[in-house]
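S.K.: could you work out the structure for the sequence below:
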Amino acid sequence: MYITTTFSTEVIRIDLNPYSQQYLQMLTPIHIDSTNIFDWAFSPADGKIYALDSSNHFLFRFDKYTGARTLIGTAT
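M.R.: Got it, this is the predicted structure:
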């Protein structure tokens, strides 16, 4: 599970795998470039987080370990 707040540069990660030794524990946070995230989703297909910026409708892809942000394009 990934949790953040508006204008935050930190994403909190919580392990929801009941078979993991870290189940329900907070993992190391991800530090991201400040982005006004409107909505986001995790893609199990590639293991990335996709987020929509509410101010200009940019679509970003974030690495779930490093927080590296890549601009994908503009959502119209």
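S.K.: show me where this structure has its strands.
M.R.: Assigned by DSSP state E, the strands in the chain fall at 2-3, 10-14, 26-31, 37-43, 48-53, 58-63, 69-74.
S.K.: go through those strands and name the closest to Ser20.
M.R.: Closest to Ser20 of these, according to Cβ to Cβ: strand 26-31, at 9.9 Å. (Glycine included, C-beta is placed from N, CA and C.)
S.K.: in its sheet, what does that closest one sit against?
M.R.: When sheet partners are counted by DSSP bridges, strand 26-31 sits next to strand 10-14 (antiparallel).
S.K.: quick check: mean pLDDT of the strand it pairs with?
M.R.: Mean pLDDT, strand 10-14: 78.
S.K.: what residue is smack in the middle of this structure?
M.R.: In the chain, the C-alpha nearest the mean C-alpha coordinate belongs to Ile49, at 4.7 Å (Cα atoms, centre = their mean).
S.K.: follow-up on the earlier one: just name the most buried of the strands of the chain.
M.R.: strand 48-53 (a mean of 19; mean count of other Cβ atoms under 10 Å).
S.K.: what's across from Phe60 in the sheet?
M.R.: Beta-bridge partners, per DSSP bridges, of Phe60: Ala51, Leu71.
S.K.: gap between it and Leu16?
M.R.: 23 Å (Cβ to Cβ, to the nearest Å).
S.K.: and stretch 23-43, end to end?
M.R.: 21 Å (Cα to Cα, to the nearest Å).
S.K.: also stretch 42-49?
M.R.: Stretch 42-49: ends 4 Å apart by Cα to Cα.
S.K.: same question, stretch 9-17
M.R.: Taking Cα to Cα, stretch 9-17 runs 25 Å from one end to the other.
S.K.: could you dump the strands of the chain to TSV with distance to Ser20?
M.R.: TSV is the format used below for these (distance: least, Cβ to Cβ, whole Å):
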stretch	distance to Ser20
strand 2-3	16
strand 10-14	11
strand 26-31	10
strand 37-43	16
strand 48-53	19
strand 58-63	20
strand 69-74	27
